[in-house]
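Q: quick one, structure for this:
(chains A and B)
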Amino acid sequence: MLEQVLINSLVLSGTYILIASGLTLIFGILRVINFAHGALYMVGAYIVYTFLSLLGVNYFPSTLVAIIATALIGMAIEAGILHPLVDKPLLAGLGAILGVAFIIEGGARIIWGEENVAIQSPFSGVFHFLGATVSWERMAAVILSGIIVMGLYYWIWNTRQGYIIRAVAENRQVASLQGVNEGRIRLLVMAVASGVAAAAGAIMGPLFYVNPYMGGPAVFKGLLIIAIGGMGSINGSVLGGLIVGFTEGVGYSYWGPLTEIASFILVILIFVLRPHGLLGVPYEFH
Amino acid sequence: MSSISQGNWQKAFGLVLLGVLLIVFPVVVPDPSYVGMLVTCGIASILAMSWIMILRVGHLSLGQVAFLAVGAYSSAIAATRFGLSPWLGLILGGFITAVFALAIGYVVLRIRGLYFAIMTFAFAEVIRLGISNSKFMGGVEGISGIPEFSPIALPGLSIMKFDSAVACYYLMLLLVGGTALVLWRIDHSGLGRTCRAIAMNEDLSQSLGVPVFKYKLISFVVACFFAGVGGAFSAHYYRCLDPTSFTVTASVIVQIQATVGGAGAIVAGGILGATLITIVDHFLISIDPRLIILFMGGVILAVTFFLPEGVVSLPRVLRRGRLRVGNRFHN
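A: Okay, the predicted model is just below:
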């Protein structure tokens, strides 16, 4: 029982961290809550489904196609919609991105229908570890999310691009004065964050059902997580993802449906104590 | 000078004409489906106005339907369990919602920017999930068999019964009119001007001695009071309630309606946006329900780029002779 709770919590944390880290990156650089992030996660899962189940392509090439296609969609959203609204009031950017999310969801309902579809997992069987029985399906999801999160960490903290991204997040004017092409950094961040969202969809698709409505709950859960961790902080999104993932993983096994409230009450309590999240810095937008 | 007063006359004439049209509408078009559609518009308008009222102090609420839910459930429970008259329920719903707003506002109004949006969303979900998990409040099945408004004797007229959409329509007109009047008056008073100043620069207002937190709390509580009254009305109009109508998507739609109408004008923007979108949705749902979210997504994008101040600004923009695309070359 305990090992099942642990693995379920890790699986949930994995998805949450993948979605939240993309949201937090976009928030840090593009200064907008990307309401379309859940829609991109959903599109990623559907592209994998289309290639794998309808066209018979292998799981990994399908995932690669999904990541690239979703990254391109993300770049198109930035270039066509968010970038022209850079200096407009906050409400304009938020409204536009809500519109994008609605259009993607409506499009998915028309293209792929409204029923649940399943993605066949490439992993099967179980393995035994210290007396516990764990399915490879779930273990693979945990390992793959772990690899992506570590890659993201390496990229942000150990590469030149990551260095520039951190500079833009800290102060876009000063970064621009140092010769940073902010427009290109925005595109890059949008592409990477969208690709990671698609990867999350591809990893979680085989474990849960895929349907056009999965995006909304995902993006709002992601918002809670980055609020808990501190908006704009990658460490915060990992911490928040683990907190919410484990609260829910443990909660669903012991408390049942009341667990759903737990993460909301948690975020309220954390905010009363730390108004900028656990790892966030005082930061304000107009 | 003369042109200004002429404009005021035109405005007053337009308002009176609109009022007369709205009053005779159910007589000219007795189809209950259209009258019902307008009642829905009225509820949405109250909610959108209350959303803009909160935006006035610089806060973006992502949980406005929760206050509708509090009003609806308090009145519905009072009526079904304790036999309270729906008329008193209307007031009770408003006051209980105001108390909720006072408690929630006391916590969340200290938080600024997008964190505020996330906090209102979290509180709204706590309220919705609390309702779904409470046997007393009907759980996921909700409450049905909520009594309609009891008949009243109008002086000089016969007894008015509220079993039809038409009677509820007139009650709704009164409620929307009352809400609009109070919110418009507040917006054009010293309080309203101070709220705009707070939204523009909170720290500066604070340093000039404006009791920022108090003003924010007042605006928040007043806005939520009206959302609660609207909720209580909707409970006795639809006569059944369930928690699925109060999800975060519904709150997001409030934001879309208000932005499309024009978040710069509490009354005109709120009513126009909510009414336009509700009416189009009403016709789209009979064609294909999937078109609704496509329409809402498309319209908010179009408004953001071509009419940044909302549909309310359309006459002004047309008079100027051209649409300034995205306002890109002006500031």
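
Q: which stretches of the stretch 51-200 of chain B form strands?
A: Along the stretch 51-200 of chain B, counting by DSSP state E, counting those that start in this stretch, strands occupy B:143-144, B:152-153, B:159-160.

Q: adjacent strands (with direction) for the first one?
A: In the sheet containing strand B:143-144, the strands it pairs with under DSSP bridges are strand B:240-241 (antiparallel).

Q: and the last one, by the same measure?
A: For strand B:159-160, the paired strands and their directions (DSSP bridges) are strand B:152-153 (antiparallel).

Q: so how far is the strand it pairs with from its chain's centroid?
A: 28 Å (Cα atoms, centre = their mean, to the nearest Å).

Q: list the contacts of residue B:130.
A: A:261, B:137 (Cβ atoms under 8 Å, 6 or more residues apart in numbering or on different chains). (C-beta placed from N, C-alpha, C; glycine too.)

Q: let's verify the residue nearest the centre of chain B: helix, strand, or coil?
A: Residue closest to the mean C-alpha point of chain B, counted by Cα atoms, centre = their mean, is residue B:47 at 1.6 Å. The local conformation at residue B:47, judged by DSSP: H, G, I helix; E, B strand; the rest coil, is helix.

Q: my read: it touches residue B:230, true?
A: Yes - Residue B:47 lies in contact with residue B:230 (Cβ atoms under 8 Å); the separation is 6.0 Å.

Q: what is in contact with these two at once?
A: residue B:68.

Q: burial check on residue 161, number of neighbours?
A: All of this refers to chain A. Residue A:161: 14 surrounding residues under other Cβ atoms under 10 Å in any protein chain shown.

Q: not quite, I wanted chain B
A: Around residue B:161 there are 12 residues (other Cβ under 10 Å).

Q: show me what contacts it?
A: Contacts of residue B:161 (Cβ under 8 Å, 6+ apart): B:151, B:167.

Q: go on, the one 4 residues further on?
A: Taking Cβ under 8 Å, 6+ apart, we find residue B:165 in contact with B:26, B:32, B:35-36, B:39.

Q: among those residues, who's most crowded?
A: residue B:39 (25 neighbours).

Q: counting contacts, what elements does the helix or strand hosting it pack onto?
A: Using DSSP states H and E, residue B:39 sits within helix B:32-55. Contact here means 3 or more Cβ pairs under 8 Å, 6 or more residues apart in numbering or on different chains; DSSP states H and E; on that basis helix B:32-55 packs against helix B:2-28, helix B:64-82, helix B:165-187, helix B:212-238, helix B:248-261, helix B:266-287.

Q: JSON lines for the ones you listed, including mean pLDDT?
A: Listed next are the helices and strands packed on helix B:32-55 as JSON lines, based on pLDDT from 0 to 100:
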{"stretch": "helix B:2-28", "mean pLDDT": "78"}
{"stretch": "helix B:64-82", "mean pLDDT": "94"}
{"stretch": "helix B:165-187", "mean pLDDT": "91"}
{"stretch": "helix B:212-238", "mean pLDDT": "94"}
{"stretch": "helix B:248-261", "mean pLDDT": "93"}
{"stretch": "helix B:266-287", "mean pLDDT": "92"}
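
Q: so which of those helices is nearest residue A:239?
A: helix B:248-261 (23.6 Å; Cβ to Cβ).

Q: can you give me the angle that closest one makes with helix B:266-287?
A: 120 degrees (axes from the mean of the first three to the mean of the last three Cα atoms, to 10 degrees).

Q: and helix B:248-261, what does it pack onto?
A: helix A:90-112, helix A:215-229, helix B:32-55, helix B:64-82, helix B:114-132, helix B:266-287, helix B:290-306.

Q: looks to me like residue A:259 is in a helix.
A: Yes - counting by three-state DSSP, residue A:259 is part of a helix.

Q: touching, it and residue A:245? I think so.
A: No - counting by Cβ under 8 Å, residue A:259 stays clear of residue A:245, with 11.7 Å between them.

Q: check contacts around residue B:36.
A: By Cβ under 8 Å, 6+ apart, the neighbours of residue B:36 are residue B:165.

Q: again, only this time at 10 Å
A: B:164-166, B:168-169, B:237-238, B:282 (Cβ atoms under 10 Å, 6 or more residues apart in numbering or on different chains).

Q: look up the closest residue to the residue of the stretch 51-200 of chain A found nearest chain B, ignoring the ones flanking it.
A: Residue of the stretch 51-200 of chain A nearest chain B, by Cβ to the nearest Cβ: residue A:102 (3.1 Å). With sequence-adjacent residues excluded and distances taken as Cβ to Cβ, 6 or more residues apart in numbering or on different chains, residue A:102 is closest to residue B:297, at 3.1 Å.

Q: gap between that neighbour and residue A:5?
A: Distance from residue B:297 to residue A:5, counting by Cβ to Cβ, to the nearest Å: 39 Å.

Q: related to what we said a few turns ago, who's more crowded, residue A:259 and residue A:245?
A: residue A:245 (23 against 17).

Q: relative to residue B:297, how far out is the nearest residue to residue A:96 once chain neighbours are set aside?
A: Nearest non-adjacent residue to residue A:96, counting by Cβ to Cβ, 6+ apart: residue B:304, 4.5 Å away. To residue B:297, residue B:304 is 11 Å away according to Cβ to Cβ.
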